[in-house]
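J.: I would like to see how this sequence folds:
(one chain, ligands or ions: 1)
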Amino acid sequence: MAGQARIIDGKAAAAALRAGIGEEIAAIRASTGLVPGLDVVLVGDDPASRVYVASKEKLAAEIGMKSRAHRLPAESSEAELLAKIAELNADDTVDGILVQLPLPKHIDTGVIIDAIDPAKDVDGLHPINAGRLASGKASGATLLVPCTPLGCMLLLKQALPVLAGLEAVVIGRSELVGRPVAQLLLQADCTVTIAHSRTRDLASVVRRADIVVAAVGRPHFVKGDWIKPGATVIDVGINRLPDGKLVGDVDFAEAVAVAGAITPVPGGVGPMTIACLLRNTLTAFQARRG
Ligand code: NAP
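T.: Predicted structure coming up:
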């Protein structure tokens with residue numbers, strides 16, 4: 001008989017995470033007079049990026065974090081952006097630097113990310129941070145890991161008391177989501193499979209999983225009959241249908257009847273991403289200032 005999965009409420013989890021960070025910031029301010037600072041650099045006027053940057057500023061301000069947005073014109077050169085990053089790297093009041101992606105095509109994203117001080121890289125994309133995560137040697141307290149994967153892990157830990165030994169299948173191997181989430185699952189002692197567009201018989205690979213993380217970018221791609229009954233499903237996908245509706249990579253209506261727990265879209269992983277950016281900024285502040 002079909003059941004009904006528990007819905008993992010990312011909106012509530014993100015609000016609780018932000019509230020906790022706000023309390024830590026208040027305590028830091030009271031004892032040291034210092035306030036962690038997040039600086040976001042936006043090049044150009046991509047409408048979606050403008051909305052993301054504005055909500056980062058708003059949520060940072062709400063929890064008492066200092067935040068500044070640096071808006072550069074779309075025609076800024078790579079050298080100009082590098083100069084801005086050098087300025088922020090050298091500024092001791094800046095704890096976290098985030099360059100909003102995507103950048104205009106004439107700027108090499110890799111060159112820009114490489115230029116960010118790894119200790120201030122709150123997006124967790126600098127090769128030093130990605131390498132630390134992949135080596136499994138860095139400790140959680142100081143490691144800056146990409147925000148969406150971190151959000152997935154926090155939701156998973158809330159849904160499952162023990163992750164060790166579970167079979168996890170991650171669909172997608174992007175630098176931003178699939179790879180780092182797989183590394184974090186491995187660090188949590190899951191048995192991890194990374195699936196991608198060349199994976200054979202994906203449905204049967206997914207059917208093995210106690211944990212499914214879908215980061216594909218295709219609406220309703222993961223079907224209900226791919227899910228092992230009782231599995232926990234984390235849907236990272238954000239896809240806009242022609243009618244304007246936002247849906248995930250998982251066919252929610254089918255999967256909710258089979259899974260044990262599942263994140264909705266919207267209201268699942270999405271809200272966790274900015275909350276984890278704020279978490280990373282606090283982590284960077286604490287690591288830099290001991
Ligand atoms: P991406 O860079 O396009 O990567 C997609 C991955 O899916 C690739 O590794 C690709 O495999 C794999 N894939 C594509 N078609 C497949 C198929 N038919 N079978 C199996 N695997 C397939 O996307 P991304 O940046 O990781 O993002 C994934 C989704 O998450 C998007 O919907 C994005 O909007 C969303 N997202 C959400 C948040 C959030 O805050 N919630 C943050 C970031 C991204 P190959 O490597 O073989 O091409």
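J.: who's in contact with the lengthiest helix in the chain?
T.: Identified as the longest helix of the chain according to DSSP state H is helix 10-32. Identification of contacts with helix 10-32 by CB atoms under 8 Å, 6 or more residues apart in numbering yields 34-36, 59, 62-65, 151, 154-155, 158, 263-264, 267-272, 274-276, 278-279, 282, 285. From N, CA and C alone the C-beta is placed, and that goes for glycine too.
J.: list the buried residues of that helix.
T.: 10, 13-14, 17-18, 21-22, 24-25, 28 (16 or more other CB atoms under 10 Å).
J.: going on from that helix, what's the next piece of helix or strand?
T.: Downstream of helix 10-32, the next assigned helix or strand under DSSP states H and E is strand 37-43.
J.: contacts only, for residue 111.
T.: Contacts of residue 111 (CB under 8 Å, 6+ apart): 78, 82.
J.: go ahead and confirm residue 225 touches residue 204.
T.: No - counting by CB atoms under 8 Å, residue 225 does not reach residue 204; the two are 10.8 Å apart.
J.: so which of the two has more stuff around it?
T.: Neighbour comparison, residue 225 and residue 204: the larger count goes to residue 225, with 12 against 9 (by other CB atoms under 10 Å).
J.: just to revisit the earlier point, buried ones among the contacts of helix 10-32?
T.: Buried among the contacts of helix 10-32 (16+ other CB under 10 Å): 35-36, 59, 63-65, 151, 154-155, 263-264, 267-272, 274-276, 278-279, 282, 285.
J.: which of those residues fall within helices?
T.: Filtering the buried ones among the contacts of helix 10-32 for helices - DSSP H - leaves 59, 151, 154-155, 269-272, 274-276, 278-279, 282, 285.
J.: residue 20 and the ligand, how far apart?
T.: 20 Å (CB to the nearest ligand atom, to the nearest Å).
J.: likewise residue 58?
T.: Applying CB to the nearest ligand atom to residue 58 and the ligand gives a distance of 16 Å.
J.: what's that residue in contact with, if anything?
T.: So residue 58 contacts nothing (CB under 8 Å, 6+ apart).
J.: distance check, it against residue 67.
T.: Residue 58 sits 9 Å away from residue 67, going by CB to CB, to the nearest Å.
J.: equivalent analysis for residue 117, please.
T.: Taking CB to CB, one finds residue 117 at 18 Å from residue 67.
J.: what residues does this structure put near the ligand?
T.: Contact residues (CB under 6 Å from any ligand atom) of the chain with the ligand: 148, 171-174, 176-178, 195-199, 202, 215-218, 236-239, 269-270, 273.
J.: inside helices: which ones of the residues you listed?
T.: 148, 178, 202, 269-270, 273.
J.: next, format these as TSV and append pLDDT and distance to residue 255.
T.: Output for these, formatted as TSV (pLDDT from 0 to 100; distance: CB to CB, whole Å):
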residue	pLDDT	distance to residue 255
148	98	20
178	98	19
202	98	15
269	98	15
270	96	17
273	96	21
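J.: in those residues, find the pair that's most separated.
T.: Spanning the widest gap among those are 202 and 273, at 25.4 Å by CB to CB.
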